[in-house]
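Q: Need the 3D shape of this:
(chains A and B)
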Amino acid sequence: MRPRTALHLLTRVANKWRPGLALVISGLALISTVRADVLEDIETRTDQGVSEIRLVFSVPVRYLKHFPAESGELLKVYLQTVGLEMATGEGLRGYKRSQAMPLVPSYSVTYTTARNCFATHDPLCLDIQFSQPVRYRVRPGEDGRSLLIHILPDSDKPKAPAKP
Amino acid sequence: MRQTFLLWLLLTFAWSESALAQTGTVAAEHHYAVTLLSSFEPIPDALLPTDLRGSRVYRTQSVIFGKTIYFIRLGFFNTPAEATAMRDELKARYPGAYMTEVTPEEYKSAAPGQANTLAPAARQAPPAAPASEVTYVVTLATSRTRAPTPSATLPAELTGKRMYLYDTTQNGTTTHNLQLGFFATAAEAEAAVRLLIAVYPEARVHSASGQERDESGRTVVALPGTSSAVTPPPASAPLTEKTVDASVDSQAADLMEKSRAALTRGDNTSATQFLNKLLRLPPNAHTQDAQELIGLAQERQGNKTAALQEYKLYLRLYPEGLGSDRVRQRLLALEAAPARVPLKKPERSEAPVASVRGSLSQYYYYGQSQTNSTTTVLGPTTDSVSGVDQSALYTNLDLRGRYTNGDWDNRVAISDNYYKSFQDNTEDTNRLYSAYYETSNKVYEISGRFGRQPGTNGGVLGRFDGVTLGYNILPKWRLNVMAGAPAEFYDVNYSKSFWSTSLDFGLFDNHWNGSVYYIQQTVDGIADRQAIGTELRYFDPKGSALLYVDYDTLFGALNIATLQATWLSSPGTTWNALLDHRLAPTLMTSNALFSSPSETIQSLLTTMTEEEIRQQAAANSPTFDTYMLGVSHNLNSTWQIGGDVKRYNLSAAPSSPNVTTTLGTGATMAYTVQTIANGLFRQRDLTVLSLTYLDGVTYQGESLSFTQRMLFRDSWTIDLALNYYVQKDEPVETIILGDTHSILTDSNQFIPRIRVAYLWGKNITLEAELGVARSNTHSVDNNITTPGTPEITDTNTSRRFYSIGYRWNF
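A: Numbers count the residues shown, from 1 in each chain, chains lettered A, B, ... in the order given. Below you'll find the predicted structure:
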């Protein structure tokens, strides 16, 4: 018997006398489940000390916002999944970690699609953790299915010269 | 005297190149520097070191991954070891410093004494921008369609000024400006305007940004000459300034970017291919540079004859200007050199490279819940249920392999999740998310992917088992074909297959790209889904927008129409908007099975016609409309505040042969405010607090969400999460045993959680999570038909859960 996930959830949301609570519970009850089907891959390349991280998603996404704006060790990015398939309400959580590369700080990406990560339709929230503070620029990929982060070492200002 | 000196210099340069070639080694070609500072923005003069004697400190900039990066470097060193030693010496002062191998071009332009050895270019090089922060320029002419050309030679009073092109964008419209700079004061610039106004009637004064000053050197326009008075335009304008079709220019820019990238990574063969394509286009802004670069690419491949032909062709086409001097030097050097090995040895990108990476993780999940329900009519009655609701081991394998060989890039991906349940009433399951092989050729621009893969375009829903093929039929136009069967993660008794084709286009005008597609899918031999669709995307440094439409031609209905936009209105302030209309789930004939006791389409066909089945499928696909407007603003480097307003509505589903009418949600409004703080409680933490108020037709709800990630030392990460939700329902009237009842319900839920992760070594992460979920529901049931004592029900549920596991990254 085919589970009727999408319709089942929507009907439940529509007809139950606790639609709001159902919405929240649906986002929390299954959040512990680890699955890896939204973030398809992470790719890193480097040139002249500049690194480009490309997060490749298995679904179309659109960029909403990120913080901190330009530098840090922890970066939070808010996206929204776009596409034909309606989210089932499951709170998915996934994790990927970069390979060690010369001159590129290692990083890990944790994502969740739980509704409570961001109060929007089909949210996709990313927690990116670098092994050291970096400066970055974040922008959506031009294919609509990726996110680009350009990385520089976090030292745009020299320290005072050592006194003789 | 001057010609003799030049000839001597050129011969010296030619001899040095020849000598290098004769050695048969490229070692002497390599020069190293220490990159002291790097930045996404121009680096202020104040940050330049002034006390590093004996070495060359210089500025440079590169376009890397499509972004302009600014560098301050210290050079030059003959070996990486020498540069690394210097880097180590300066590390305390410049923590981000790193050793860099510089290109020959950068070395030539920045090495001590090179200003003399490159005298011809140096003498004709445009004057440098002044170092002071506030400078002025004169905008001579502007155009939105093409780069303006110089209308006249300059008066002698303005000799030494730099004439260059500079593009500006306002409200999404790009304007090409012909600029003349730089002037220390506005008065000086105004005086220049008075000299130029007869020939450049639109001339006006602007202040110049640091970025404009830094970038001006790259877009210098060859000056027609100097005279004591304004003179008529030259007989022939530079070829690069000719009017060209915008789309040609855009294609040329794309090919130029690819060729430069190929040259940078040492892939001279690919660079030659891209440059040949570019040179077959009508003359455009990149033609001249491409003619020079193809000579360089041939030279680097050791194709002396071809390189000589390309350089000579360049000089016939462009006999004057900076580029011609440069090419003339290369030509002389190449002619003087004997048959030689490539100047640049095959780079690593041309040598086969293989890599494997991935992760293996295992997590054990446990959950135990207890529900106490007390119903009070005349006296309390209590029921209690408890038990283990989850006890399972998740094993996840993620594997990525890559093998590059010349122009070919081969990849393998495997991603699998196995769920082992330790409960009697739950089955073990395995989900294979990805198992595909992918290959692509960057020269022929073809690609293929085979196996289980994500369906990311072409209207394909989710993952599928099959094939995806792609080919660039024209620059910026890529044709894709997909065929296969949707991957089903549950037991189904029907069979689906599909084929789809899509045409990707762009990037056009540096802003637009998208795709159109057609898909046809069958289920058990009849049409399941036939749709056409499009994705249109707009990108700009200030924002992006997406239009997505999918129309089912089989049902004659709009599956989805969504318009989304993100806009950076000012530094730190981002707006986002969404207009979304969709059928949920997506229309398919097989949706009819949702409300049918039958499990196959074939069994449905024994009692219903195809038309009736599709009516039922449509009835099972209600519409879901969402409208949202949000904004976020960075108050400072610590705080971001934001909020959004959302309205959503799930429609009622009409009745069908086997289904009665399903109620919709009615319009629900959601108001959210959210703050994010960086380093709030300790230096390395990130805290998010969200408050949401829901106002629906049948209920009102409020939720609070608090999450915090904290880093301790180098290895520990702690995540705290707190969710609280409270809801008050409108009274619901229902009929029970012929009597009308009014039921009023209040409920709340509280979930605190903590997750701790420890990085053990470099590759293993140990992780544990602990949490509790408590919910309370208070319900009052009043019998309106036969008034009496209300029935009160209190339900309290408590669930404790934890997980523990490891992840091994390799």
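Q: Every contact and neighbour count from this point should use C-alpha atoms.
A: Fine.
Q: element containing the closest residue to B:Ala667 other than its chain neighbours?
A: Leaving aside its sequence neighbours, B:Ala667 sits nearest to B:Asn649 (Cα to Cα, 6 or more residues apart in numbering or on different chains; 4.6 Å). In this assignment (DSSP states H and E), B:Asn649 forms part of strand B:639-650.
Q: Please pull up the helix or strand immediately following that strand.
A: strand B:668-678.
Q: any idea which helix or strand comes after that following strand?
A: According to DSSP H and E, the helix or strand after strand B:668-678 is strand B:685-695.
Q: Checking my notes, A:Lys96 in a helix, right?
A: No. Counting by DSSP: H, G, I helix; E, B strand; the rest coil, A:Lys96 is not found in a helix; it is strand.
Q: Tell me how far A:Asp122 lies from A:Pro60.
A: 11 Å (Cα to Cα, to the nearest Å).
Q: Identify the contacts common to the two.
A: Residues touching both A:Asp122 and A:Pro60 by Cα atoms under 8 Å, 6 or more residues apart in numbering or on different chains: A:81-82.
Q: circling back: helices or strands next to the strand holding B:Asn649 in the packing?
A: Other elements packing on strand B:639-650 under the criterion 3 or more Cα pairs under 8 Å, 6 or more residues apart in numbering or on different chains; DSSP states H and E are strand B:623-634, strand B:668-678.
Q: now it, how far from the chain's geometric center?
A: 24 Å (Cα atoms, centre = their mean, to the nearest Å).
Q: Repeat that for stretch B:596-615.
A: Computed by Cα atoms, centre = their mean, the chain-centroid distance of stretch B:596-615 equals 44 Å.
Q: Break down chain A into its helices, ranges please.
A: A:5-15, A:19-29 (DSSP state H).
Q: Now for chain A: which strand has the highest residue count?
A: The residue-count maximum for a strand in chain A (DSSP state E) belongs to strand A:123-140.
Q: Which residue would be the closest one in the stretch 101-250 of chain B to chain A?
A: B:Glu101 (8.0 Å; Cα to the nearest Cα).
Q: Please, which helix or strand holds that residue?
A: Secondary structure assignment for B:Glu101, by DSSP H and E: strand B:98-102.
Q: Can I get that strand in PDB, CA atoms only?
A: Extracted as PDB, the C-alpha positions of strand B:98-102 are listed here (Å, rounded to 0.1, in the frame of the first residue of the first chain):
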ATOM      1  CA  TYR B  98      50.200  32.400   2.500                       C
ATOM      2  CA  MET B  99      52.800  31.500  -0.200                       C
ATOM      3  CA  THR B 100      51.700  32.100  -3.700                       C
ATOM      4  CA  GLU B 101      53.100  31.100  -7.100                       C
ATOM      5  CA  VAL B 102      52.700  34.100  -9.300                       C
END
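Q: What is it packed up against?
A: Packing contacts for strand B:98-102, counted by 3+ Cα pairs under 8 Å, 6+ apart, involve strand B:31-39, helix B:80-90.
Q: Tell me which of those sits nearest to B:Leu293.
A: Comparing those against B:Leu293 with Cα to Cα, the closest turns out to be strand B:31-39 (21.3 Å).
Q: That closest one - what's its average pLDDT?
A: Across strand B:31-39, the average pLDDT comes to 88.
Q: Then stretch B:513-526?
A: Computed over stretch B:513-526, the average pLDDT equals 95.
Q: ditto for stretch B:107-123
A: If you average the pLDDT over stretch B:107-123, you get 47.
Q: Repeat that for stretch B:706-721.
A: For stretch B:706-721, the mean per-residue pLDDT is 92.
Q: Pop the domain breakdown of chain B in here.
A: B:2-124, B:135-237, B:246-336, B:364-396+B:669-810, B:445-540, B:570-627+B:639-666 (automatic domain parsing).
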